[in-house]
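[1] Turn this into a structure:
(2 chains)
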Number of protein chains: 2
Amino acid sequence: MQHGGDLTTAMTLHGGTRGDWLDLSTGINPHAFPLPDLPAEAWTALPAEGARSRLIDTARRAYRLPDGIGLVAAPGTQALIQWLPHLAPAGDVAVVGPTYGEHALSWRRVGAKVHMIGDLTAIPECVRHVVVVNPNNPDGRWTDPVDLAEAARLVDARGGWLVIDESFLDLRPEATAAGLCRDAPVVVLRSFGKFFGLAGVRLGFAVAPPVIAGLIAAALGPWAVAGPALAIGAAALGDERWAETMRERLATEAAALDAVLAETDFAPAGGTDLYRLVRHPEARRMHEGLAAARIWVRRFDWDETLLRFGLPPEAAGLDRLAAAVRALAAEPAHGAVQGTMTGSPACSVTSASTP
Amino acid sequence: MQHGGDLTTAMTLHGGTRGDWLDLSTGINPHAFPLPDLPAEAWTALPAEGARSRLIDTARRAYRLPDGIGLVAAPGTQALIQWLPHLAPAGDVAVVGPTYGEHALSWRRVGAKVHMIGDLTAIPECVRHVVVVNPNNPDGRWTDPVDLAEAARLVDARGGWLVIDESFLDLRPEATAAGLCRDAPVVVLRSFGKFFGLAGVRLGFAVAPPVIAGLIAAALGPWAVAGPALAIGAAALGDERWAETMRERLATEAAALDAVLAETDFAPAGGTDLYRLVRHPEARRMHEGLAAARIWVRRFDWDETLLRFGLPPEAAGLDRLAAAVRALAAEPAHGAVQGTMTGSPACSVTSASTP
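    You can find the predicted model right below:
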């Protein structure tokens, strides 16, 4: 599996123990929301309806959802990505990419043709559904709200769904496209674990018109979300002050990361305040060199000149990164590799990236 | 939802706060496995491959799985029940019942006709798949291993699957039918939360031939099980001494529950050491009377003379139950209701019970 966030690969290839590594391979906030005290029943009893509805009410406020729009909690946004192609009407799909690779994989699993497109202006006539990640992972690109609304109208006319993956939108919550769910078959995905730094909890949400939300809830079935996740989710999503402070902190730390990367030949290529994407003519060599220094960052099969850096958990980590990057920059350069980040032509079957 | 384990209904109908109630409505062990210390990464990081494989290795030993049989972990057995009908070849299904109602519901959701049958000797010719819960919930009935093997051969010949739900089998682990997965399309479901008393953790397993296990794993996708669930599951399933002691304790406590119920007109109607099913001509009145005393037990839409009692968490709870039952027995009886527990005729579409 070519995901970030698992040091197993790093340790297999380059040795060392978990504690030796500085893991910058994910976009998960390194400053986790402090765990609340959990009542014993959160572990022992089947997750209670009261706890579920408390989480949903809190999430509705945090996600600024107007009445009349459905909200369903799931054991991780990934669980929703797995279910959606099974629940949507049969049909092919356009995925705006390169992006998080699991969307294309899950549609392909139900036999849908997946068309990778560069942006929402390039939706082929042959597709019924559209998937866009906003802001996009890994380049942080924002899709124009006007284009989202137009895509919603288009899939509606075709009897399809527009899936908007807002897994990294907590950094700018006012930008949510959830309002589109009022009038069109739009499913907005929200992730809990990334912004709150609690990816192990497994909690995500689907915002959708009530009929689609009902389909998703029926597919997930009863007790889909664990008792601890219900309690932790409600505590974290209800703490607007923590979120405000964290947004400022992440912006500051992302700027400090920029400063370190700018000291060498890394050219900014996008990102969010939870990760930065940079381009380097010798990205492969830099990746190898960082790994030799036990620093694990993300590289991409589909573009050998890109690297993605998550935020170091503390200042010492940033210093360690800075020292490693400077040492690598001082080494003699090898032959450079060219690369670009583009989607695939419309209406042809393409292999999705798995970033 | 007509499930046990949620006092919301009890409190809505009869008042009281959660702490007032003695909840005997589930078959969940009231003596939970003690939670191990959880490393911070269990919460903060994406569930790591190493933690997942440790859980799987431990579960393979606990479930006595020979090599060559697949094992997949899921966020609860219910999550597997939700997925199976989407993954199996299209076709109708026979469910041995009355039983846990979610099996029939999930097959109906994909458009399959569900035939409720009384036992495995009554499999209609028109079905492709068969579901049996062993031991059965709520009556604890055991299916003959010879009948299971014969059903496995039968569905294999029809290109179908045999689903054996062993959610309550931990009380007699040597009775598992997992060996059938070697030679036939059999999916055995195991539940973690019931025997270990940790239903809020959400952890369950599918044992299946490698090809089917691969389908299930692909449907669940990456990071399906939460970090804490991986760690807790490995600790609990690896503690054979705790399991042995607990089996003896549950047998003793179930016998004590029998003694209390035998003092009045409750006639034994089956069960396991995690719950007892009893028949009473005035079961409705007993249920109401127990609820008035803030004791919540399980009744069934499909047979008004049956009640299911879970184990009280401590001796004081059993004493409280005994006092309530004696007081109710001393009240004048009302008109008795007749009822039987049977399946529905083969090859007709029937409404499943939701016990």
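
[2] Quick one: the helices in the stretch 201-350 of chain A, in order.
    Assigned by DSSP state H, counting those that start in this stretch, the helices in the stretch 201-350 of chain A fall at A:210-220, A:227-237, A:240-262, A:283-292, A:315-330.

[3] so which of those helices gets nearest chain B?
    Proximity to chain B, assessed across these by Cβ to the nearest Cβ, is greatest for helix A:227-237 (2.9 Å). The C-beta positions use only the backbone N, C-alpha and C, and glycine is treated the same way.

[4] can you give me the angle that closest one makes with helix A:240-262?
    80 degrees (axes from the mean of the first three to the mean of the last three Cα atoms, to 10 degrees).

[5] counting contacts, what elements does helix A:227-237 pack onto?
    Other helices and strands packing on helix A:227-237, by 3 or more Cβ pairs under 8 Å, 6 or more residues apart in numbering or on different chains; DSSP states H and E, are helix A:40-44, helix A:49-62.

[6] From the rest of the structure, what touches it?
    A:33, A:35-36, A:38-39, A:41-43, A:45-48, A:51-52, A:54-55, A:58-59, A:61-62, A:73, A:75, A:192, A:196, A:198, A:201-203, A:225, A:242, B:199-202, B:226, B:228 (Cβ atoms under 8 Å, 6 or more residues apart in numbering or on different chains).

[7] Beyond the helix or strand of chain A with the lowest mean pLDDT, next helix or strand please.
    Lowest by mean pLDDT, DSSP states H and E among the helices and strands of chain A is helix A:7-14, with a mean of 90. Once the chain leaves helix A:7-14, the next helix or strand it forms, by DSSP states H and E, is strand A:22-23.

[8] quick one: strands adjacent to that next one?
    Take DSSP bridges as the rule and strand A:22-23 pairs in its sheet with strand A:295-296 (parallel).

[9] For the stretch 51-200 of chain A, which segments count as strands?
    Assigned by DSSP state E, counting those that start in this stretch, the stretch 51-200 of chain A shows strands spanning A:70-74, A:93-96, A:114-117, A:129-133, A:162-165, A:186-191.

[10] ok so, going back, among the helices of the stretch 201-350 of chain A, show me which one is buried the most.
    Most buried of the helices of the stretch 201-350 of chain A, by mean neighbour count (mean count of other Cβ atoms under 10 Å in any protein chain shown): helix A:227-237, with a mean of 26.

[11] Pull up the gap between residue A:98 and residue A:139, please.
    As for residue A:98, its distance to residue A:139 is 8 Å (criterion: Cβ to Cβ, to the nearest Å).

[12] and if you look at residue A:56?
    Distance of residue A:56 to residue A:139, computed by Cβ to Cβ: 32 Å.

[13] Can you report phi and psi for residue A:177?
    With angles defined as degrees, to the nearest 10, residue A:177 sits at phi -100, psi 10.

[14] close enough to count as contact, it and residue A:148?
    Yes - with contact defined as Cβ atoms under 8 Å, residue A:177 reaches residue A:148; the gap is 5.0 Å.

[15] Pull the distance from the longest strand along chain A to the chain's centre.
    With secondary structure taken from DSSP state E, chain A has its longest strand at strand A:303-310. Relative to its parent chain, strand A:303-310 has a centroid offset of 16 Å by Cα atoms, centre = their mean, to the nearest Å.

[16] which helices and strands sit right next to it?
    So strand A:303-310, by 3+ Cβ pairs under 8 Å, 6+ apart, packs with strand A:275-279, helix A:283-292, strand A:298-300.
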